[in-house]
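Peer 1: next input, structure requested:
(2 chains)
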Amino acid sequence: MAQAFTKAMARNIFYGGTVFFFLLFLALTFQTHSAWPDRDNRQAINDTVALGKKVWEDNDCIGCHTLLGEGAYFAPELGNVYKRFGSTDAIKAFISSRPKEGIPGRRSMPQFNLSDEELTAIAEFLKYVSGINTANWPPTNQG
Amino acid sequence: MKYESQKVAKLYFTAAIGLFVGQILFGLILGAQYVMGDFLFPEIPFNVARMVHTNLLIVWLLFGFMGAAYYLVPEEAETELFAPWLAKLMFWIFLAAGAATILGYLLVPYATLAELTMNDLLPTMGREFLEQPTITKIGIVIVALAFLFNIGMTILKGRKTVVNLVLLMGLTGLAVFFLFSFFNPVNLVMDKYYWWWVVHLWVEGVWELILGAILAFILIKTTGVDREVIEKWLYIIIAMTLITGIVGTGHHYYWIGTPEFWQWWGSIFSAMEPIPFFMMTVYAFNMVNKRRRNHPNKAAVLWALGTAVMAFLGAGVWGFLHTLAPVNYYTHGTQITAAHGHMAFYGAYVMIVLAMISYSMPMMRGREACNSARAQSMEMWSFWLMTISIVFITLFLTGAGILQVYLQRFSDNPMPFMVVQDKIALFYWLREITGFVFLLGLGLYIASFFVGKNEPEATVELAK
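Peer 2: The predicted model follows:
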């Protein structure tokens, strides 16, 4: 770097740039918050969905699946599983029918022994997620 | 080594390397499960192995950062560490908490762990990378505060250098942004939005300050280039990091229920995120070329140059590959992401910690400046084995990712996820085999600590 460019200038760019762009980030965050009510499907959130999110977290579903593209890449995307399966009943049937000892040679979801209430809750949670406006992602129904 | 208290770093580095081995072993289990779906099922399901793999990585890197800080802060501040006993105490607390958490993952079902640790009181578990029980998270905050206090007091009572200041800012940012891990609203979109304030603002924000500070320290020590020059580079690199990286968080806000304007902000700013990494590569090579002396620790210099190159490739190039919104629309949440993650973490953070260990460990083990030529040669073999392995792992995962995107999302007849996984299994096999080469490299790395112990230190002439 040229001698005309001093350490003090570099330092000022660092502090000034960081503060400026962090404030910009906060402004965009504020803007995001005001856009959410129309996008995040909050009207669908109720006690069942809240329990469903707890079931989702307590069993670390994100450790194999993606949800809106985030998570592990070992098992299918579930943000749109409600649309792919067509009903909450199909989701419940799939989860409750997983064999305890797995499937020889293949990936298999563990049997989590969920109660009826928990099964309904996780399915309702996934239904709520499918109603989030994701800017048309994923590109296909396959996730 | 100028100050006796720097030696606490040895504990931290030893633990870091031990946990690194665990991380890789679980990585191999995961890789095997990708191609043999029932491997270790149901004893160690994939999600459990994965949280062990990722959490061990995070914990050992934190051990590495803390060790690096305990070593370099007193030397930069020209004073003994404020409270070495506190550093030792926190080490054992952190190690015990980490071990208990990992054992918890492995010994009981995750839902039971959540129940045992009373997750319902303050639910924070079950989110990617933040799987730790809430009690562990609180422990991490306590350890971080004690650590920052210790480091901060040392800096306050001693010489203030730019390296110390930048390191302290990075470490403080690490602690502050971790607090967002306690925010877990039922609203999934909001949950995800602030989850990135931990994950992205860590690895593409404040951690890069830590990386920059450690690299600057090693370059000052090994090249003898004027501190003023290196500090100027450091400031401009971290300036570019945060100028691009903060708003660059937007590249995670394309498809998770956040408004569409993020596709512009995220694409433009994250497209510039490779700039600071490129500058870092130019700077590292420049400093080494302009060196005023030849440091006999060739291995440390190799790691330092390696981290600059691999961080640019992994974080910069492989990040850019899928960061533009129209591309990310197809690649989001595929093996492309996994490919980027592996090389970026290895290049930026694994290698900088290993560089610091390579530089400092010989002196903490009683050497003047470096290990014997034989030990260094073995260490450099391990460098190449691990680095080339990670390059190939990244290439294989990229191949898998391109096919996955095409078959599942782009072709005229998109196929289901599991069907696609079967079709790309060849790439997973190649990745797994390469993983064993990585393990071999890691084995050599550890062996390098035990060879040539009775041989004299390498000298500049001998090492040439």
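Peer 1: can I get stretch B:201-211 as CSV, trimmed to CA atoms?
Peer 2: What follows is stretch B:201-211 as a C-alpha-only set of coordinates in CSV (Å, rounded to 0.1, in the frame of the first residue of the first chain):
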residue,chain,number,x,y,z
LEU,B,201,-22.1,-12.8,12.6
TRP,B,202,-19.7,-15.3,14.2
VAL,B,203,-18.1,-17.0,11.3
GLU,B,204,-18.4,-14.2,8.7
GLY,B,205,-18.0,-11.4,11.2
VAL,B,206,-16.3,-11.4,14.6
TRP,B,207,-14.4,-14.6,14.2
GLU,B,208,-12.6,-13.1,11.2
LEU,B,209,-11.3,-10.4,13.6
ILE,B,210,-9.9,-13.2,15.8
LEU,B,211,-8.4,-14.9,12.7
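Peer 1: can you list the neighbours in contact with it?
Peer 2: For stretch B:201-211, contacts defined as Cβ atoms under 8 Å, 6 or more residues apart in numbering or on different chains pick out B:65, B:68, B:166-167, B:169-174, B:177-178, B:238, B:241-242, B:245-246, B:248-249, B:273, B:276, B:307, B:311, B:315, B:344-345, B:348-349, B:352. Placement of C-beta: from N, CA and C, glycine included.
Peer 1: tell me the mean pLDDT for the helix or strand containing residue A:26?
Peer 2: Using DSSP states H and E, residue A:26 falls within helix A:7-35. Across helix A:7-35, pLDDT averages out at 98.
Peer 1: near chain B at all, that helix?
Peer 2: Yes. Helix A:7-35 is in contact with chain B by Cβ under 8 Å from any Cβ of the partner chain, via A:7, A:10-11, A:13-14, A:17-18, A:21-22, A:24-25, A:28-29, A:31-32, A:35.
Peer 1: now the element after that helix, going C-ward?
Peer 2: helix A:47-58.
Peer 1: now do that following helix: which elements does it pack against?
Peer 2: In terms of contacts (3 or more Cβ pairs under 8 Å, 6 or more residues apart in numbering or on different chains; DSSP states H and E), helix A:47-58 is packed against helix A:116-130, helix B:110-116.
Peer 1: pLDDT on the following helix or strand past that helix, on average?
Peer 2: Counting by DSSP H and E, the element after helix A:47-58 in chain order, helix or strand, is strand A:66-67. Here strand A:66-67 scores 98 as its mean pLDDT.
Peer 1: contacting residues for the spatially most central residue of chain B?
Peer 2: Central residue of chain B (Cα atoms, centre = their mean): residue B:349, 3.3 Å from the mean position. Contact analysis of residue B:349 by Cβ under 8 Å, 6+ apart lists B:61, B:64, B:203, B:207, B:211.
Peer 1: let's see it at 7 Å
Peer 2: By Cβ atoms under 7 Å, 6 or more residues apart in numbering or on different chains, the contact set of residue B:349 is B:61, B:207, B:211.
Peer 1: looking at those residues, which are in helices?
Peer 2: B:61, B:207, B:211 (DSSP state H).
Peer 1: can you tell me which of the residues you listed has the most neighbours?
Peer 2: Neighbour tally across the ones in helices among the contacts of residue B:349 (other Cβ atoms under 10 Å in any protein chain shown): the maximum, 30 neighbours, falls on residue B:211.
Peer 1: any idea how many residues pack against the nearest residue in space to residue A:92 that is not next to it in sequence?
Peer 2: Using Cβ to Cβ, 6 or more residues apart in numbering or on different chains and skipping the chain neighbours, the partner closest in space to residue A:92 is residue A:119 (4.6 Å). By other Cβ under 10 Å, 20 other residues sit near residue A:119.
Peer 1: residue A:119 reaches residue A:95, doesn't it?
Peer 2: Yes. If you go by Cβ atoms under 7 Å, residue A:119 and residue A:95 touch, sitting 6.3 Å apart.
Peer 1: can you list the domain ranges for chain A.
Peer 2: A:1-38, A:42-143 (automatic domain parsing).
Peer 1: most packed of those?
Peer 2: Stretch with highest mean neighbour count among the domains of chain A: domain A:42-143 (a mean of 19; mean count of other Cβ atoms under 10 Å in any protein chain shown).
Peer 1: where does the stretch 301-450 of chain B have low pLDDT?
Peer 2: For the stretch 301-450 of chain B, no stretch has pLDDT under 70.
Peer 1: that one against chain A: which residues are in contact?
Peer 2: The stretch 301-450 of chain B comes close to chain A at residues B:329-330, B:332-335, B:338, B:408-409, B:414-418, as judged by Cβ under 7 Å from any Cβ of the partner chain.
Peer 1: angle of whichever strand or helix holds residue B:194 against helix A:7-35?
Peer 2: Counting by DSSP H and E, the element that carries residue B:194 is helix B:188-201. Helix B:188-201 runs at 170 degrees relative to helix A:7-35, counting by axes from the mean of the first three to the mean of the last three Cα atoms, to 10 degrees.
Peer 1: show me which residues of helix B:188-201 are buried.
Peer 2: Buried residues in helix B:188-201, defined by neighbour count with 16 or more other Cβ atoms under 10 Å in any protein chain shown: B:188-201.
Peer 1: contact partners for residue A:73?
Peer 2: A:66, B:333, B:334, B:335, B:338 are the contacts of residue A:73 under Cβ under 7 Å, 6+ apart.
Peer 1: let me redo that: residue B:295
Peer 2: By Cβ under 7 Å, 6+ apart, the neighbours of residue B:295 are B:222, B:301.
Peer 1: ditto for residue B:60
Peer 2: Residue B:60 neighbours (Cβ under 7 Å, 6+ apart): B:16, B:19, B:20, B:23.
Peer 1: and those, which is closest to chain A?
Peer 2: Nearest to chain A among the contacts of residue B:60: residue B:23, at 15.7 Å, using Cβ to the nearest Cβ.
Peer 1: tell me, how many residues neighbour that closest one?
Peer 2: Neighbour number of residue B:23 under other Cβ under 10 Å is 21.
Peer 1: and it, what pLDDT?
Peer 2: 98.
Peer 1: give me phi/psi at it?
Peer 2: When read as degrees, to the nearest 10, the backbone of residue B:23 gives phi -60, psi -40.
Peer 1: which SS class is residue B:293?
Peer 2: Residue B:293 carries the three-state label coil when classified by DSSP: H, G, I helix; E, B strand; the rest coil.
Peer 1: OK, contacts around the residue nearest to it when sequence neighbours are not counted?
Peer 2: What sits nearest to residue B:293 in space, not counting adjacent residues and going by Cβ to Cβ, 6+ apart, is residue B:224, at 4.4 Å. By Cβ under 7 Å, 6+ apart, the contact list for residue B:224 reads B:291, B:292, B:293.
Peer 1: which of those has the weakest pLDDT?
Peer 2: residue B:293 (91).
Peer 1: how near is it to residue B:220?
Peer 2: Residue B:293 sits at a distance of 12 Å from residue B:220 (criterion: Cβ to Cβ, to the nearest Å).
Peer 1: looking at these two, which has the bigger crowd around it?
Peer 2: Between residue B:293 and residue B:220, residue B:220 has the larger neighbour count (other Cβ under 10 Å), namely 21 against 10.
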